[in-house]
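Peer 1: After the sequence you'll find the predicted model.
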Amino acid sequence: MKILHILPSTNPELGGTVEAVRQSGAWLCAAGHTVDVLSLDDPGEAHVAEFSLPVHAIGPSAGHYRYNSRLVPWLRANAQRYDAVIVNGLWQYHSFGAWRALRRSRVPYFVFTHGMLDPWFKRTYPLKHLKKWLYWPWSEYRLLRDASAVLFTSEEERLLSRDSFWLYRAKEHIVPCGTASPPAQGESLRDAFFARHPTLRGKRLMLFLSRVHPKKGCDLLIEAFARRAQEHPDWQLVVAGPESGNLGERLRARASELGLSERITWTGMLEGDDKWAAFYASDVFVLPSHQENFGIVIAEALACQLPVLITNKVNIWREVLENQAGFVSDDTVDGVEHSLDRWLRLKLGDKERMKVCAQSLYESHFTVKAMAHGLIDAVERFA
């Protein structure tokens, strides 16, 4: 089968959507399928050449919306080479342009919303939502209405998506998200991490690995950690990820006010073996998001036998709770503190059992094989 993914960009700093395309595409290629990517990137950007799948970069594109007049002609000329087209994400020109090019085409197209219809955005950014509502009937509503299927990664996401706009019609289908197995050489990667960060050796690490972005709740984690840090001097918080605007600077200033400057290590974005090394070196993973469609980093943590402390705004929180792979809280400082306290007070044997449950949850629900199979099944079912 030949599949074309459409992305606004292949930049890995954009997070889970790009990683999901990369990992599922790699698995499908290894299984004998062909997977290409169409992006609105400038072809000269470094991340285009570094992407592991063939990329047709037709940029540069204009502004945040990434308008590109070459998108529609390219799709009309090339879409028939593929068995299916997958539109990843909403609210930029790649989605509306795909609808313009493919609405009358015989080539089936699918839309992976990747959490972008979550009503959290409506409540948190009401003015932005109003702008989207004015745009919705003429663009994304039609995109979803005419798609062969609209894909969600969980039942929670599917149900939440119905509450964003009252004008909504879609042929809904769930395709589980997942991630590739981590490298097997966990001990050597752990040693490499401590070699790069020698001041962390001998510490017990609490890892936040994601974009440092307002919706990720890193501010909640710092405030909650401050309440427990003094009574647990052997614990160190590691914050790993690209920073959004000046948020990192503001969080570091707040950490200094709380007396945590020496208790928090900021690594910046980690990729490849550096990322896996951070997982293997840590004791627990924390992602206190206000909104999280899936969170590939959560699946990666589970795959490394890391229990996860998340909020009930992460759409896979039920699976984590039911499989005893971590703790779930409200997305408040008190909620996050409660999860930290529960973890810190666990006996060693209970922590070890939770690690086993974490890996078991990954293997039963969140492998990249399950995600790739789900995508092929959806194409065969609805095309």
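Peer 2: Ah, there it is.
Peer 1: where does the protein have its least confident helix or strand?
Peer 2: Lowest on mean pLDDT, DSSP states H and E among the helices and strands of the chain sits helix 120-124, with a mean of 85.
Peer 1: Quick one: list the elements packing against that one.
Peer 2: helix 126-135 (3 or more Cβ pairs under 8 Å, 6 or more residues apart in numbering; DSSP states H and E). Heads up, the C-betas are built off the backbone N, CA and C, glycines and all.
Peer 1: Return the set of buried residues in whichever helix or strand comes after the helix it packs on.
Peer 2: Sequence order places helix 140-146 as the next helix or strand after helix 126-135, per DSSP states H and E. Buried residues in helix 140-146, counting neighbours by 16 or more other Cβ atoms under 10 Å, are found at 140, 141, 142, 143, 144, 146.
Peer 1: Now do helix 140-146: which elements does it pack against?
Peer 2: Secondary elements touching helix 140-146 (3+ Cβ pairs under 8 Å, 6+ apart): helix 93-102.
Peer 1: The helix it packs on: what's the following helix or strand?
Peer 2: strand 109-112.
Peer 1: What strands line up against that next one, and which way round?
Peer 2: Using DSSP bridges, the strands paired with strand 109-112 are strand 84-88 (parallel), strand 149-152 (parallel).
Peer 1: Dump the ones you listed to TSV, plus mean pLDDT and mean neighbour count.
Peer 2: Shown next, in TSV, are the strands paired with strand 109-112 (pLDDT from 0 to 100; neighbours: other Cβ atoms under 10 Å):
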stretch	mean pLDDT	mean neighbour count
strand 84-88	98	25
strand 149-152	97	25
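Peer 1: for the ones you listed, which one sits closest to residue 121?
Peer 2: For residue 121, the closest of the strands paired with strand 109-112 is strand 149-152, at 15.7 Å, according to Cβ to Cβ.
Peer 1: what's the distance between the closest one and the middle of its chain?
Peer 2: Here strand 149-152 is found 17 Å from its chain centre; the criterion is Cα atoms, centre = their mean, to the nearest Å.
Peer 1: go on, stretch 309-323?
Peer 2: Averaged over its C-alpha atoms, stretch 309-323 has a centre that lies 15 Å from its chain's centre (Cα atoms, centre = their mean).
Peer 1: farthest-separated two in the buried residues of helix 140-146?
Peer 2: 140 and 146 (11.1 Å).
Peer 1: What's the local residue count around residue 212?
Peer 2: Using other Cβ atoms under 10 Å, residue 212 has 21 neighbouring residues.
Peer 1: hang on, residue 220 packs against residue 286?
Peer 2: No. With contact defined as Cβ atoms under 8 Å, residue 220 does not reach residue 286; the gap is 9.6 Å.
Peer 1: Quick check: neighbours shared by these two?
Peer 2: residue 336 (Cβ atoms under 8 Å, 6 or more residues apart in numbering).
Peer 1: of the two, who's got more company?
Peer 2: residue 286 (32 against 23).
Peer 1: all strands in this structure, in order from the N-terminus.
Peer 2: 2-7, 34-39, 55-57, 84-88, 109-112, 149-152, 172-174, 204-209, 235-240, 264-266, 284-287, 308-311, 326-329 (DSSP state E).
Peer 1: Dump these to a markdown table, plus distance to residue 229.
Peer 2: As requested, those are exported to a markdown table (distance: least, Cβ to Cβ, whole Å):
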| stretch | distance to residue 229 |
| --- | --- |
| strand 2-7 | 40 |
| strand 34-39 | 42 |
| strand 55-57 | 44 |
| strand 84-88 | 39 |
| strand 109-112 | 40 |
| strand 149-152 | 38 |
| strand 172-174 | 40 |
| strand 204-209 | 10 |
| strand 235-240 | 7 |
| strand 264-266 | 9 |
| strand 284-287 | 14 |
| strand 308-311 | 15 |
| strand 326-329 | 18 |
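Peer 1: so which of those strands gets nearest residue 161?
Peer 2: Of all the strands of the chain, strand 149-152 comes closest under Cβ to Cβ, at 6.6 Å.
Peer 1: got the contact list for that closest one?
Peer 2: 86, 110-113, 144, 158, 161, 170-175, 375, 378, 381-382.
Peer 1: cool, and stretch 233-245?
Peer 2: 13, 200, 202-214, 216, 218, 221-222, 225, 228-229, 249, 251, 260, 263-270, 275, 278, 282, 344.
Peer 1: how's this protein carved up into domains?
Peer 2: 2-179+368-382, 186-365 (automatic domain parsing).
Peer 1: Okay, now the shortest one: how far is its last residue from its first?
Peer 2: Yep, that's domain 186-365 we're talking about. Counting by Cα to Cα, to the nearest Å, you get 22 Å between the two ends of domain 186-365.
Peer 1: centre of the chain versus it, how much separation?
Peer 2: 15 Å.
Peer 1: can you check stretch 54-66 too?
Peer 2: Distance, centroid of stretch 54-66 to centroid of chain: 21 Å (Cα atoms, centre = their mean).
Peer 1: what is the rounded mean pLDDT of it?
Peer 2: For stretch 54-66, mean pLDDT is 95.
Peer 1: re earlier: which parts of the least confident helix or strand of the chain are buried?
Peer 2: Here helix 120-124 shows 120, 121, 122 as buried, counting by 16+ other Cβ under 10 Å.
Peer 1: so how far is residue 130 from the residue of the chain most remote from its centre?
Peer 2: Distance to the chain centre peaks in the chain at residue 231, reaching 32.9 Å (criterion: Cα atoms, centre = their mean). Noted for residue 231: a distance of 46 Å to residue 130, by Cβ to Cβ, to the nearest Å.
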